[in-house]
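Visitor: Pasting a predicted model and its sequence here:
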Amino acid sequence: MNRCLAAFLAASSIALLVASGCSSPLGGSTCPEGKGTGTCFQVQSPGPMQTCSYNSGNAASCSAGQSSGHCPSANLVGCCVTTASELGCTETGAACYYGATSAAQAKSACTGGTAGTTLSWQTTPP
């Protein structure tokens, strides 16, 4: 499996796994108490094959290796964004690409979704 597809699947899996315990950016009251609203990112493979994974709303603080905030926008080609919703909670995860070839491969796979989950391609970091 190539690194681009692996990064895409990892970001999609993060969003799906944490969808059941998340914070609502809309202020919904049906979300579990004690969940954070932080946004975290991690850059992998700096250079032409650079990718960045992003997740929001699932933790009060970022995991080891992650930084608080959003993926960098400099040289960004695009991001496959996964949005999962359950019981009024919304969770966002993304795999962002900085190389044209890896972005083109990821964009072609960034379609559809499942019940409560959507995939979309965007050219700005989430």
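Guide: All right, it came through fine.

Visitor: Which pLDDT value belongs to Ile25?
Guide: Heads up, residue 25 is Pro, not Ile. Note on Pro25: pLDDT of 36.

Visitor: ditto for Gly57
Guide: Taken from the predicted model, the pLDDT recorded for Gly57 is 66.

Visitor: just Thr30 next, same as before
Guide: Looking at Thr30, its pLDDT is 38.

Visitor: Look up how far Thr118 lies from the nearest residue to Gln42 once chain neighbours are set aside.
Guide: Across the structure, with Cβ to Cβ, 6 or more residues apart in numbering as the measure, the residue nearest Gln42 apart from its sequence neighbours is Gln66 (4.7 Å). Where C-beta positions appear, they are placed from N, C-alpha and C, glycine not excepted. Distance, Gln66 to Thr118, by Cβ to Cβ, to the nearest Å: 23 Å.

Visitor: which one of these two has more residues nearby?
Guide: Between Gln66 and Thr118, counting by other Cβ atoms under 10 Å, Gln66 is the more crowded of the two (18 against 13).

Visitor: what pLDDT does the more buried one get?
Guide: 89.

Visitor: and if you look at Thr123?
Guide: With respect to pLDDT, Thr123 has a value of 96.

Visitor: Over to Ala6?
Guide: Turning to Ala6, the model gives it a pLDDT of 35.

Visitor: what about Glu86, neighbour count?
Guide: For Glu86, the number of neighbouring residues by other Cβ under 10 Å comes to 16.

Visitor: In the sheet, which residues pair with it? Tell me.
Guide: Note on Glu86: beta-bridge partners by DSSP bridges are Cys89.

Visitor: bridging residues for Asn55?
Guide: In this entry, Asn55 is beta-bridged to Cys40, Gly93, by DSSP bridges.
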